[in-house]
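Trainee: Test case, fold it:
(one chain, ligands or ions: 3)
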Amino acid sequence: MIEAAPAATTAGAPPLLRVENVVKHFAIGAGFIGHAVVHAVDGVDLVVNTGETLGLVGESGSGKSTLGRVIVQLYPATSGHVYFKDVDLTKVRGEKLRRIRQQMQMIFQDPYASLNPRMAVGDIIAEPLHNFGLARGKAAEKRVQETMRVCGLNPNFINRYPHEFSGGQRQRIGIARALVLNPSFIVADEPVSALDVSIQAQIVNLMEDLQDRFHLTFLFIAHDLSVVHHMSDRIAVMYLGKIVEVGATAEVRDRPLHPYTKVLESSVPVPDPDLEMARRPILLTGEIPSPVNPPSGCRFHTRCPIAQQICSEVEPPLERKSEWPRFCSGFPWTPTCMPRIRRWPIAKGSSPCPIRAMSCSARASRSW
Ligand SMILES: Nc1ncnc2c1ncn2[C@@H]1O[C@H](COP(=O)(O)OP(=O)(O)O)[C@@H](O)[C@H]1O
Ligand code: SF4
Ligand SMILES: [Mg+2]
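Mentor: Residues are numbered from 1 along each chain as shown. Ligands and ions are numbered 1, 2, ... in the order given. The predicted model follows:
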């Protein structure tokens, strides 16, 4: 049997994971004045509490995967600290790091690319057991078959190859490979993005079941906010290497603070046909800027519908809002910005608010 981790204790407990001012830059190619640098992650602070699912959302290229990889130490951080159970992973090496790494696993987006096509499924799932020296031979096989069973795979298929499985089954193999080490924390990097919608629900349900059964903590990376709303206790929004907002799922969904969060939330379809008809997605102009040369000041200023001159000059600080550790690095820093948003009328047809969304008319009780 796979052992369950100790029960989650969230009340008053220190966070399982603390990310402090993490920076990850990649040096690429050589230009006229030396190497160009990709500012993939640029000063991120984040906590993940024991037993929760923290959803990490943002456009493609915003640095989500890089942050996830830095957290599980697949990439070394350029600077900053990653504390797991109060141990600074950027400082530990060797056997101690290996033992901690065992408790942190990653599920990858593409179930086709992330499985070695030349290895049988049993060997793929057993590989982490061998790497960490935890089991070999019959003991490893027994553990693999148990893990396959809890992940909804037929343990008799242990000798089959990845191409013999469907996309959903392959993702179950990826989940089994992460689960076989009995981790307490999993970074799931877009685990359902490559799957058909009908299969996505099965994988999401599986992850929720496994979380309950084994008291797992998830960092759930996705760009589909509907899935993130369903899965997450809290949501962090990332834009061009920075976290722009963090909050409880209902707060972020119903009362997004940062203009970028409003844009993302406005694009989420709602199941109610009347509300869906009234939904007014906010369309962003242009693409996410290059992280090689990110915009000055607020990085969102080149696309923000309410940007002012000062936004391109000064980087707004993160600000704590409400009782949740909720931050917004957007408009609250400037007195001319936040009050304006707060005063805008809610819906009634012709609001002058340039970032007015479905939620303005659909949820008339809400105030900005
Ligand atoms: N190994 C790498 N070398 C150079 N640039 C990278 C590397 N990995 C990611 N990047 C760049 O970092 C930025 C963030 O990428 P990524 O973390 O994959 O974003 P996301 O997961 O949000 O789509 C992108 O511009 C990407 O091209
Ligand atoms: S600081 Fe300026 S550009 Fe950035 S989100 Fe706020 S209003 Fe928009
Ligand atoms: Mg990614």
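
Trainee: going forward, measure contacts and count neighbours with C-alpha atoms only.
Mentor: Fine.

Trainee: which intervals of the stretch 251-368 of the chain have sub-threshold pLDDT?
Mentor: Counting by pLDDT under 70, the low-confidence segments of the stretch 251-368 of the chain come to 317-368.

Trainee: typo on my end, the stretch 1-150 of the chain
Mentor: In the stretch 1-150 of the chain, residues with pLDDT under 70: 1-12, 30-34.

Trainee: Helices of the stretch 251-368 of the chain, residue ranges please.
Mentor: 259-266, 273-278, 338-343, 358-362 (DSSP state H, counting those that start in this stretch).

Trainee: and the longest one, does that touch ligand 1?
Mentor: Which is helix 259-266. No. Helix 259-266 does not reach ligand 1 (Cα under 6 Å from any ligand atom); its nearest approach is 13.9 Å.

Trainee: can you give me the offset of that helix from its chain's centre?
Mentor: How far helix 259-266 lies from its chain's middle: 16 Å, per Cα atoms, centre = their mean, to the nearest Å.

Trainee: Which strands and helices lie in contact with the helix ranked longest in the chain?
Mentor: Longest helix in the chain by number of residues (criterion: DSSP state H): helix 197-214. Helix 197-214 is packed against helix 167-179, with contacts defined by 3 or more Cα pairs under 8 Å, 6 or more residues apart in numbering; DSSP states H and E.

Trainee: buried residues in stretch 142-159?
Mentor: 142, 143, 144, 145, 146, 147, 148, 150, 151, 153, 155, 158 (16 or more other Cα atoms under 10 Å).

Trainee: Enumerate the residues of this structure near ligand 1.
Mentor: So the chain meets ligand 1 at 26, 38, 40, 59, 60, 61, 62, 63, 64, 65, 66, 291 (Cα under 6 Å from any ligand atom).

Trainee: Backbone dihedrals for the nearest residue to the second one once chain neighbours are set aside, please?
Mentor: Read it as residue 38. Spatial nearest neighbour of residue 38, excluding adjacent residues (Cα to Cα, 6 or more residues apart in numbering): residue 292 at 4.3 Å. Main-chain dihedrals, residue 292, degrees, to the nearest 10: phi -70, psi -30.

Trainee: Next up, the contacts around residue 292.
Mentor: By Cα atoms under 8 Å, 6 or more residues apart in numbering, the contact set of residue 292 is 36, 37, 38, 39.

Trainee: do residue 90 as well
Mentor: Residue 90 touches 76, 77, 80, 81, 82, counting by Cα under 8 Å, 6+ apart.

Trainee: Select only the buried ones of those in ChimeraX?
Mentor: Filtering those down to the buried ones (16+ other Cα under 10 Å) takes a single ChimeraX command:
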select :77,80,81,82
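
Trainee: In a markdown table, list the contacts of residue 90 along with secondary structure.
Mentor: A markdown table is the format used below for the contacts of residue 90 (DSSP: H, G, I helix; E, B strand; the rest coil):
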| residue | secondary structure |
| --- | --- |
| 76 | coil |
| 77 | coil |
| 80 | strand |
| 81 | strand |
| 82 | strand |
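
Trainee: would you list the contacts of residue 90 in a markdown table and tack on distance to residue 260?
Mentor: As requested, these are arranged in a markdown table below (distance: Cα to Cα, whole Å):
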| residue | distance to residue 260 |
| --- | --- |
| 76 | 29 |
| 77 | 26 |
| 80 | 25 |
| 81 | 26 |
| 82 | 26 |
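
Trainee: Can you tell me the element residue 238 falls in?
Mentor: Using DSSP states H and E, the element containing residue 238 is strand 234-239.

Trainee: just the angle between that strand and helix 259-266, please?
Mentor: Strand 234-239 and helix 259-266 are oriented at 120 degrees to each other (axes from the mean of the first three to the mean of the last three Cα atoms, to 10 degrees).

Trainee: mind checking how far strand 234-239 is from the chain centre?
Mentor: 7 Å.

Trainee: partners of that strand in the sheet?
Mentor: Strand 234-239 pairs in its sheet with strand 53-57 (parallel), strand 242-248 (antiparallel), by DSSP bridges.

Trainee: and ligand 2, which of these is closest to it?
Mentor: With Cα to the nearest ligand atom, the closest approach to ligand 2 among the strands paired with strand 234-239 belongs to strand 242-248: 8.4 Å.

Trainee: Relative to residue 70, how far out is the residue nearest to residue 193 when sequence neighbours are not counted?
Mentor: In this structure, residue 193 finds its nearest non-sequential neighbour in residue 109, 6.6 Å apart by Cα to Cα, 6+ apart. Using Cα to Cα, to the nearest Å, residue 109 is found at 16 Å from residue 70.

Trainee: Contact partners for whichever residue of the stretch 51-200 of the chain sits closest to ligand 2?
Mentor: Using Cα to the nearest ligand atom, the closest approach of the stretch 51-200 of the chain to ligand 2 is made by residue 58 at 14.3 Å. Applying Cα under 8 Å, 6+ apart to residue 58 gives the contacts 64, 222, 223, 237, 238, 239, 264.
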